[in-house]
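Q: got a structure for you, letters missing:
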(Lines give C-alpha, C1' and ligand atoms only; values in the text may rest on other atoms or scores of the structure.)
Protein backbone atom coordinates (compact mmCIF):
# COMPACT_ATOMS: atom_id res chain seq x y z
CA UNK A 1 0.00 0.00 0.00
CA UNK A 2 2.86 2.35 0.79
CA UNK A 3 4.32 1.74 -2.66
CA UNK A 4 1.04 2.78 -4.33
CA UNK A 5 0.90 5.99 -2.28
CA UNK A 6 4.51 6.84 -3.12
CA UNK A 7 3.87 6.22 -6.83
CA UNK A 8 0.76 8.44 -6.75
CA UNK A 9 2.70 11.26 -5.08
CA UNK A 10 5.55 10.93 -7.58
CA UNK A 11 3.14 11.07 -10.55
CA UNK A 12 1.32 14.06 -9.05
CA UNK A 13 4.55 15.97 -8.44
CA UNK A 14 5.79 15.20 -11.96
CA UNK A 15 2.58 16.43 -13.57
CA UNK A 16 2.60 19.61 -11.47
CA UNK A 17 6.21 20.29 -12.43
CA UNK A 18 5.45 19.81 -16.13
CA UNK A 19 2.43 22.14 -15.90
CA UNK A 20 4.41 24.87 -14.14
CA UNK A 21 7.19 24.78 -16.71
CA UNK A 22 4.65 25.15 -19.50
CA UNK A 23 5.43 21.91 -21.27
CA UNK A 24 1.90 20.67 -20.76
CA UNK A 25 -1.00 23.16 -20.70
CA UNK A 26 -3.21 23.12 -17.60
CA UNK A 27 -6.53 21.35 -17.82
CA UNK A 28 -9.33 23.51 -19.19
CA UNK A 29 -12.18 24.08 -16.78
CA UNK A 30 -15.70 24.33 -18.04
CA UNK A 31 -17.24 27.76 -17.80
CA UNK A 32 -20.33 28.29 -15.72
CA UNK A 33 -23.68 28.20 -17.54
CA UNK A 34 -24.20 31.93 -16.85
CA UNK A 35 -21.30 32.94 -19.07
CA UNK A 36 -21.95 33.08 -22.78
CA UNK A 37 -19.08 31.68 -24.77
CA UNK A 38 -18.98 31.56 -28.56
CA UNK A 39 -20.43 28.28 -29.74
CA UNK A 40 -20.13 26.78 -33.19
CA UNK A 41 -23.27 27.09 -35.25
CA UNK A 42 -24.63 23.76 -36.38
CA UNK A 43 -25.76 23.35 -39.98
CA UNK A 44 -29.39 23.09 -38.86
CA UNK A 45 -29.15 26.65 -37.44
CA UNK A 46 -27.66 28.14 -40.59
CA UNK A 47 -30.28 30.00 -42.69
CA UNK A 48 -28.43 29.28 -45.95
CA UNK A 49 -28.32 25.57 -45.16
CA UNK A 50 -32.04 25.51 -44.34
CA UNK A 51 -32.89 27.44 -47.50
CA UNK A 52 -30.85 25.04 -49.63
CA UNK A 53 -32.38 22.04 -47.87
CA UNK A 54 -35.87 23.36 -48.55
CA UNK A 55 -34.97 23.90 -52.23
CA UNK A 56 -33.63 20.34 -52.49
CA UNK A 57 -36.84 18.94 -50.98
CA UNK A 58 -38.99 20.85 -53.44
CA UNK A 59 -36.87 20.11 -56.53
CA UNK A 60 -34.85 16.92 -55.95
CA UNK A 61 -34.00 16.55 -59.65
CA UNK A 62 -32.02 19.84 -59.76
CA UNK A 63 -28.25 19.27 -59.88
CA UNK A 64 -26.13 20.83 -57.17
CA UNK A 65 -24.26 24.01 -58.17
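A: Nice, thanks for sending it over. On a predicted model such as this, the values are computed, not experimentally measured, just so you know.
Q: can you count the residues close to residue 19?
A: Other residues within reach of residue 19, judged by other C-beta atoms under 10 Å, total 13. C-betas here are computed from N, CA, C, even on glycine.
Q: what's the answer for residue 54, then?
A: 10.
Q: Could I get the average pLDDT for the helix or strand encompassing it?
A: When elements are assigned from DSSP states H and E, residue 54 belongs to helix 47-58. The pLDDT scores in helix 47-58 average 83.
Q: for this structure, longest helix please?
A: Longest helix in the chain by number of residues, with DSSP state H as the criterion: helix 2-21.
Q: The helix or strand of the chain with the lowest mean pLDDT - contacts with which helices or strands?
A: Scoring the helices and strands of the chain by mean pLDDT, DSSP states H and E places helix 47-58 at the bottom, with a mean of 83. The contact analysis (3 or more C-beta pairs under 8 Å, 6 or more residues apart in numbering; DSSP states H and E) places helix 47-58 against no helix or strand.
Q: Residue 60: which element?
A: Applying DSSP H and E, one finds residue 60 in no helix or strand.
Q: Next, count neighbours for it.
A: Other residues lying near residue 60 total 7 when counted by other C-beta under 10 Å.
Q: What's the separation between it and residue 47?
A: Plainly put, residue 60 is 21 Å away from residue 47 if you go by C-beta to C-beta, to the nearest Å.
Q: Residue 22 too?
A: As for residue 22, its distance to residue 47 is 43 Å (criterion: C-beta to C-beta).
Q: Over to residue 3?
A: Distance, residue 3 to residue 47, by C-beta to C-beta: 61 Å.
Q: try residue 12
A: With distances defined as C-beta to C-beta, the gap from residue 12 to residue 47 amounts to 50 Å.
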